[in-house]
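J.: have a look; sequence and predicted model below, questions after that.
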Amino acid sequence: MEENRSVWDFELSAEDMRQIVTFDLDSPQMLDPRKPSKVHRFFNYLENPVLTSLQ
């Protein structure tokens, strides 16, 4: 529990922050709601032939 309480006991340097900023890909990586095909695939995943053949 003590370790959990000290989770905020660190500092990021300016260099760390510069590196973190480069991780942003400017789009969601799991589900991009701006792409109808991705939303359709997500909501209709049970219709996926690979998944249904496993049942």
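T.: Cool, the structure landed.

J.: how many neighbouring residues does residue 12 have?
T.: Residue 12: 10 surrounding residues under other C-beta atoms under 10 Å. For every residue, glycine as well, the C-beta is placed using N, CA and C.

J.: surely it meets residue 20?
T.: Yes: the pair formed by residue 12 and residue 20 meets the contact definition of C-beta atoms under 8 Å, at 7.5 Å.

J.: other residues contacting stretch 34-44?
T.: 27, 31-33 (C-beta atoms under 8 Å, 6 or more residues apart in numbering).

J.: 6 Å - rerun?
T.: By C-beta atoms under 6 Å, 6 or more residues apart in numbering, the list of residues contacting stretch 34-44 from outside reads 31-32.

J.: low-scoring stretches of the protein, by residue?
T.: Across the chain, the ranges flagged by pLDDT under 70 are 49-55.

J.: so which strand or helix has residue 17?
T.: helix 14-21 (DSSP states H and E).

J.: and the next helix or strand past that helix?
T.: The C-terminal neighbour of helix 14-21 among helices and strands, as given by DSSP H and E, is helix 36-43.

J.: quick check: buried residues in that following helix?
T.: Under the neighbour-count criterion of 16 or more other C-beta atoms under 10 Å, helix 36-43 has nothing buried.

J.: how near is residue 44 to residue 36?
T.: When C-beta to C-beta, to the nearest Å is the yardstick, residue 44 and residue 36 sit 12 Å from each other.

J.: and the helix holding residue 17, C-alpha only, in CSV?
T.: Listed next in CSV are the C-alpha coordinates belonging to helix 14-21 (Å, rounded to 0.1, in the frame of the first residue of the first chain):
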residue,chain,number,x,y,z
ALA,A,14,12.1,18.3,-20.2
GLU,A,15,13.8,15.6,-22.3
ASP,A,16,11.3,12.9,-21.0
MET,A,17,8.4,15.2,-21.9
ARG,A,18,9.8,15.8,-25.4
GLN,A,19,10.0,12.1,-26.0
ILE,A,20,6.5,11.4,-24.6
VAL,A,21,5.0,14.0,-27.1
